[in-house]
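In: below are the sequence and a predicted model; questions follow.
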Number of protein chains: 2
Amino acid sequence: MSSPFQAIADPTRRQILDALRAEGPQRAGDLAARFPAISRPGVSKHLRVLRQARLLRQERRGRELWYQLDATPLSQVEAWLEQYAAFWEEKLRDLKKAVEE
Amino acid sequence: MSSPFQAIADPTRRQILDALRAEGPQRAGDLAARFPAISRPGVSKHLRVLRQARLLRQERRGRELWYQLDATPLSQVEAWLEQYAAFWEEKLRDLKKAVEE
DNA sequence: CCAATATGTAACTTATTGGTTACAAATATA
DNA sequence: TATATTTGTAACCAATAAGTTACATATTGG
């Protein structure tokens, strides 16, 4: 039952989400093959974390398991982040101004 | 040198950022006092993580250390997240539609 | 000058995380 | 049916994280 904040903290997990976003549903094995530096069960554990954060939908097709992105929980992160937008924009405005002077 | 993704993964650290955003600059001790369940040095360690993620500016005033939010690094998170907005909106549209039917 | 205050850090402990290898279970295929 | 394929999980290990207490340092105020 991990939070979406937790789930996206790890760069490998972000890459998994990126792959599903950019290329659509994929099998567990396809996803694992993207990370030659990590064993297949290692990737499987990342998938579990993402599953527990409800970021993945899974569909069994015979012996294959297809994973699909469900980005809905990321809207929680967005909602939190949104409150900060004014603050970094202010900062970037200052920076821009400083450059112009 | 922790990433903003790492830094915001912990709920206590998010609360620290929230406090600085909502109420402006505060002393290290003020921030620590918000978390009766955690010792002052415990909070101090969270402040270090936030500092290393460059989310805090500090200003020494005598023996007091004032912390101020610098939200700029959060724009990295926003940039990543932005690519997913279409996906969760799609999901919410589906949900709305289902409710209406 | 000395005691109190504000803060960070070191050293340590425990829990969590990210990785591994070995194995089990289900399904497809020769 | 026997074998190969696809996948998750259990058990384990090392590194990291989050917490603690004890301590060091700097500054203020009596």
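Out: Great, that's in hand.
In: where do the helices sit along chain A?
Out: Here chain A has its helices, by DSSP state H, at A:4-7, A:11-23, A:28-33, A:40-52, A:74-82, A:85-100.
In: what distance separates the second one from the centre of its chain?
Out: The reference is to helix A:11-23. Centroid displacement of helix A:11-23 relative to its chain, using Cα atoms, centre = their mean, to the nearest Å, is 6 Å.
In: next, the buried residues of it.
Out: For helix A:11-23, burial by neighbour count (16 or more other Cβ atoms under 10 Å in any protein chain shown) applies to A:Arg13, A:Ile16, A:Leu17, A:Ala19, A:Leu20. Quick note: C-beta positions are derived from backbone N, CA and C, even for glycine.
In: from those, which are also near DNA strand C?
Out: Among those, no residue is within reach of DNA strand C (Cβ under 7 Å from any atom of the strand).
In: closest one of these to DNA strand C?
Out: A:Arg13 (7.4 Å; Cβ to the nearest atom of the strand).
In: state the pLDDT value of A:Leu92.
Out: Among the per-residue scores, A:Leu92 shows a pLDDT of 69.
In: got the contact list for A:Arg40?
Out: For A:Arg40, the contact set (Cβ atoms under 8 Å, 6 or more residues apart in numbering or on different chains) comprises A:Gly29, A:Ala32.
In: run the last query once more with 7 Å
Out: Neighbour list for A:Arg40: A:Ala32 [criterion: Cβ atoms under 7 Å, 6 or more residues apart in numbering or on different chains].
In: again, but for A:Pro36
Out: No contacts exist for A:Pro36 under Cβ under 7 Å, 6+ apart.
In: need phi/psi at it.
Out: Torsion angles at A:Pro36 (phi, psi; degrees, to the nearest 10) stand at phi -60, psi -20.
In: distance of it from A:Thr12?
Out: Applying Cβ to Cβ, to the nearest Å, the value for A:Pro36 to A:Thr12 is 12 Å.
In: over to A:Met1?
Out: 20 Å.
In: cool, and A:Ser44?
Out: 12 Å.
In: spatially nearest residue to A:Glu59 (excluding sequence neighbours)?
Out: Leaving aside its chain neighbours, A:Glu59 sits nearest to A:Trp66 (4.8 Å; criterion: Cβ to Cβ, 6 or more residues apart in numbering or on different chains).
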